[in-house]
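K.L.:
Just the structure for this:
(one chain, ligands or ions: 1)
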Amino acid sequence: MTDFTMTTDQDGVATIIWDVKSKSMNVMSTEAFTLLSDLVDTALADAGVKGIILTSGKKDFAGGMDLKVIAQMRACGAQAIFDSLMGIHKVMRKIERAGMDPKTQKGGKPIAAALPGTALGIGLELPLSCHRIFAADNPKAKIGLPEIMVGIFPGAGGTTRLSRKLGAMMAAPFLLEGKLVDPKSAKASGLIDEVVAPEDLMKRAKEWVLAAADADLVKPWDAKGYKMPGGAPYSAPGFPTFVGASAMVHGKTMGVYPAAQALLAAVYEGALVPFDTALKIEARHFTSVLMNPSSAAMIRSLFINKEALEKGANRPAAPDQSVKKLGVIGAGMMGAGIAYVSALAGIEVVLIDASQEAADRGKAHSEGILDKGMKRGTVTAEKKAEVLVRITATTDYAALKGADLIVEAVFEDPKVKAEVTAKVEAATGADCIYATNTSTLPISGLAGASTRPQQFIGIHFFSPVDKMNLVEIIRGEKTGDIAVAKALDFVRQIRKTPIVVNDARFFYANRCIIPYINEGIRMVAEGVEPALIENAAKLVGMPLGPLQLVDETSIDLGVKIAKATKAAMGADYPDEAVDKVLFWMADAGRMGRKSKSGFYAYDEKGDRLGLWDGLAAKYPRDKMQPSLADVQHRLLFAQVLEAVRALEDGVLTDIREGDVGAILGWGFAPWSGGPFSWLDIIGAARAVEICRGLTAQFGPRFHAPALLREMAEKGETFYTRFGGEKKAA
Ligand code: NAD
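P.N.:
Numbering: from 1, shown residues only. Coordinates of the predicted model:
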């Protein structure tokens, strides 16, 4: 183990260098932490050492704790987790106290942290236990505590130290929102102490170490008369902060994310007691969060599996297929967005529409986004020019010469799409891969218009393209491996997350989201209070209730999809009850947000005012309303059963894609880790039991799929059966 090494110079300054040789970014492991502790012991015990600098051998300091380790900790049990956290606290406290006499607070050795670049998670918690933090002036560096983003919170003392260093109010954006900042902003907000020119980083840290006085080593919370900045929670100035933060946390998380609540409790309770007791409280809350299945599921989906998919977990073996020249046909909402993200990633783009005006409008979309970035100061004039020059807006298909990938985003009409396919194939080379961004039309059908069906594939973006990170890649019946590899390499270039699914009506994401919307509308028809439907969805962690969602995506799109589905399914079509409501809304011209009227009422600017009260006149509310849990079960099972069926049907071939795709594609309750993780949390047996109840009350759409019933009988989870995880003892 050589993650940390130490050298001492002739002036008696020991430098501990963090450099995990097997990784491009330092991450902390349990063994490495023990090694660090031993090196600190050695330096503190060595009379020849005057002080210590902790730094990194890489361009960045550290990315944080190895999340794979954290995800596995739950299996160790609560006591072992708590003990290991207390062990970490002990080491950090040793660094902080640095050998000083506990009574006189004298005789310690100064320890400085010198951060050359990014310092995240434990990569900041560790410096926070040092006596002074220096950071190189590196605008690309990110400093902060992003733990909350993956369902945990800073549990290596970061919560306690930062809230005491900055006060609860100032620490809140870093702790509760995982805000990351560059070194200058980190200094301005008090996260770190000094920003220095990169070449002076070690020199300046050494100067400080050699000059530090006893008083420089005593942390504010270890000094007599310490008061929390902004006031303690029980004080008049401090109290409103906690009331506000508590309301904010509940408003944002709806109580479904255990980490945010536990974090707030750790800060509040910790502020009432001495520092060492506060660390113990932090460890207790952190243990309870890790023991909650939600945190392990979130880490697994949002970090481990997402990263694996981005690195090409399901990429067929093929040489590099990076895109050099992209053709985008159709410069409407989607095409313009695809052109922007591609040009931003350095790809040359030809953006074609039927008229020059439409093509130019599509290019102007990129200009608009870049202008906004310039106003915010995140985009320079050079960057804007560099991106825009990569986009050629034209009507001329001849400009596609040399393109190696085409993404078609014209009207959702098979005839129009077929014409475009023929025109593109006439203008491009034999190797060019052709992708359609269709959201509803089966890929294998559209590929019928192609003379090269093995090069025909679906690349389905979500709207708005520049914000939505999921891209669904759809293999048609004849799609070849090179086309899949090309699509995956393209998605990697534009830094989005891919899932690869097989062709079927609505692919994966839309297949699951449509039943969610339909279940909400069906309940309206049954007389369920619309506010109950919407709030039930939000209280279970869905970002938008089903009625708000259909307003956002538009009622007329819903009508179009319903008609097409009915035409395809004939007598088996199950959603007549839904269509009655939907078609009535469309006939009344209530098309959703875009028409400023839908299930919600809107003001002139298009801001939502509340649920439309005209709904009650047509669909009177039942006196007896269902329970919150019943409504939630209907909304969740409508989605997750469809996900299971997609797996059974072979549309999904990897449950990791099912979970990651659900969270990134339509915001499926991220706290759960995705539909398969959620089913694993409640257990297949319980899921089947709930399905039985729902089927009896509401019909066969809730019938548990055979796969789920079999898993219930065998006591399996999705991740033990399909994800290679071991069965719990
Ligand atoms: P849009 O109506 O905004 O844009 C379509 C563009 O295609 C228009 O600019 C139109 O002028 C152009 N066009 C039409 N026929 C053409 C032709 N023959 N040659 C060149 N250009 C032509 O539509 P959109 O919302 O961008 O959707 C485009 C595609 O993306 C559709 O297949 C749609 O199903 C799919 N999609 C849409 C969304 C969404 O949320 N809107 C999401 C995912 C996928």
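K.L.:
Please report the distance of the residue in the chain that the ligand sits nearest to from residue 365.
P.N.:
With CB to the nearest ligand atom, the shortest gap between the chain and the ligand falls at residue 332, namely 1.7 Å. Bear in mind the C-beta positions are built from the backbone N, C-alpha and C, glycine included. Note on residue 332: its distance to residue 365, by CB to CB, to the nearest Å, is 9 Å.
K.L.:
Neighbour count: the two, which is higher?
P.N.:
A count of neighbours by other CB atoms under 10 Å puts residue 365 above the other of residue 332 and residue 365, at 22 against 15.
K.L.:
Show me which residues of this protein are close to the ligand?
P.N.:
Counting by CB under 6 Å from any ligand atom, the residues of the chain close to the ligand are 329-335, 352-354, 358, 409-412, 416, 419-420, 437-439, 460-461, 463.
K.L.:
which non-adjacent residue is nearest the residue of the chain closest to the ligand?
P.N.:
residue 409 (6.6 Å; CB to CB, 6 or more residues apart in numbering).
K.L.:
Residue 254 too?
P.N.:
Of all residues not flanking residue 254 in the chain, residue 539 sits nearest, at 5.1 Å (CB to CB, 6+ apart).
K.L.:
As a check, name the ranges of all strands in the stretch 501-650 of the chain.
P.N.:
For the stretch 501-650 of the chain, the strands defined by DSSP state E, counting those that start in this stretch cover 600-602, 608-611.
K.L.:
Throw the ones you listed into TSV and include mean pLDDT, thanks.
P.N.:
Shown next, in TSV, are the strands of the stretch 501-650 of the chain (pLDDT from 0 to 100):
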stretch	mean pLDDT
strand 600-602	97
strand 608-611	96
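K.L.:
how about low-confidence regions in the protein?
P.N.:
727-729 (pLDDT under 70).
K.L.:
And it, what are its domain boundaries?
P.N.:
4-291, 325-505, 510-587+624-721 (automatic domain parsing).
K.L.:
related to what we said a few turns ago, to residue 22, which of the strands of the stretch 501-650 of the chain lies closest?
P.N.:
For those, distance to residue 22 was read as CB to CB. The smallest value, 50.5 Å, belongs to strand 608-611.
K.L.:
Buried residues, the closest one. List them.
P.N.:
Across strand 608-611, burial judged by 16 or more other CB atoms under 10 Å covers 608, 611.
K.L.:
ok, that strand: who's next to it in the sheet?
P.N.:
Strand pairing for strand 608-611, using DSSP bridges, gives strand 600-602 (antiparallel).
K.L.:
follow-up on the earlier one: next step: the residues of the chain next to the ligand restricted to strands.
P.N.:
329, 352, 460-461 (DSSP state E).
K.L.:
out of the residues you listed, who's nearest residue 691?
P.N.:
residue 460 (29.0 Å).
K.L.:
Look at the nearest residue to that closest one once chain neighbours are set aside and tell me its secondary structure.
P.N.:
Excluding its sequence neighbours, the residue lying closest to residue 460 (CB to CB, 6+ apart) is residue 472, at 4.1 Å. Following DSSP: H, G, I helix; E, B strand; the rest coil, we place residue 472 in the strand state.
K.L.:
returning to that earlier point: how about a markdown table for the ones in strands among the residues of the chain next to the ligand, with neighbour count added?
P.N.:
Converted to a markdown table, these look like this (neighbours: other CB atoms under 10 Å):
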| residue | neighbour count |
| --- | --- |
| 329 | 25 |
| 352 | 29 |
| 460 | 24 |
| 461 | 23 |
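K.L.:
I'd like to know which of the residues you listed is nearest to residue 595.
P.N.:
So of those, ranked by how close each gets to residue 595 (CB to CB), first place is residue 461, at 24.5 Å.
K.L.:
got a list of what the closest one touches?
P.N.:
The contact partners of residue 461, taken as CB atoms under 8 Å, 6 or more residues apart in numbering, are 334, 337-338, 437, 468, 471.
K.L.:
Apply 10 Å and report the result again.
P.N.:
By CB atoms under 10 Å, 6 or more residues apart in numbering, the contact list for residue 461 reads 334-335, 337-338, 341, 407, 409, 437, 439, 468, 470-472, 491, 494, 496.
K.L.:
Counting neighbours, which of those end up buried?
P.N.:
Buried members of the contacts of residue 461, counted by 16+ other CB under 10 Å: 334-335, 337-338, 341, 407, 409, 437, 439, 468, 470-472, 491, 494, 496.
K.L.:
Does residue 324 touch residue 390 like I think?
P.N.:
No: using CB atoms under 10 Å, residue 324 makes no contact with residue 390, being 11.3 Å away.
K.L.:
wait, isn't the residue nearest to residue 332 in contact with residue 326?
P.N.:
No: if you go by CB under 10 Å, residue 409 and residue 326 don't touch, sitting 11.7 Å apart.
K.L.:
any common contacting residues for these two?
P.N.:
Joint contacts of residue 409 and residue 326 (CB under 10 Å, 6+ apart) are 338-339, 351, 435.
K.L.:
Serialize those residues to JSON lines and add fields for secondary structure.
P.N.:
Below are those laid out as JSON lines (three-state DSSP):
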{"residue": "338", "secondary structure": "helix"}
{"residue": "339", "secondary structure": "helix"}
{"residue": "351", "secondary structure": "strand"}
{"residue": "435", "secondary structure": "strand"}
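K.L.:
Widest-spaced pair of the residues you listed?
P.N.:
351 and 435 (14.9 Å).
K.L.:
In terms of neighbours, single out the busier of those two.
P.N.:
Legend: neighbour count by other CB under 10 Å for residue 351 and residue 435, higher for residue 351 (30 against 27).
K.L.:
Skipping adjacent residues, who's closest to the residue nearest in space to the middle of the chain in space?
P.N.:
Residue closest to the mean C-alpha point of the chain, counted by CA atoms, centre = their mean, is residue 302 at 5.7 Å. Among residues not flanking residue 302 along the chain, residue 150 sits closest, at 5.4 Å (CB to CB, 6+ apart).
K.L.:
what's around the one you found, how many residues?
P.N.:
Residues contacting residue 150 under the criterion other CB under 10 Å number 24.
K.L.:
Please report the distance of it from residue 297.
P.N.:
Residue 150 sits at a distance of 10 Å from residue 297 (criterion: CB to CB).
K.L.:
partner strands of the helix or strand harbouring residue 112, parallel or antiparallel?
P.N.:
Using DSSP states H and E, residue 112 maps to strand 111-115. According to DSSP bridges, strand 111-115 forms sheet pairs with strand 51-56 (parallel), strand 132-136 (parallel).
K.L.:
helices or strands next to the helix or strand just after that strand in the packing?
P.N.:
Downstream of strand 111-115, the first helix or strand assigned by DSSP H and E is strand 119-120. Secondary-structure packing of strand 119-120 (3 or more CB pairs under 10 Å, 6 or more residues apart in numbering; DSSP states H and E): strand 64-65, helix 122-129, strand 143-144.
K.L.:
what packs against the helix or strand that the first one is followed by?
P.N.:
Toward the C-terminus, strand 64-65 is succeeded by helix 67-73 as the next helix or strand (DSSP H and E). Under the contact criterion of 3+ CB pairs under 10 Å, 6+ apart, the helices and strands touching helix 67-73 comprise strand 27-28, helix 30-45, helix 78-97, helix 275-291, helix 293-299.
K.L.:
Relative to the whole chain's centre, how far out is the last one?
P.N.:
The one in question is helix 293-299. Offset of helix 293-299 from its chain centre (CA atoms, centre = their mean, to the nearest Å): 13 Å.
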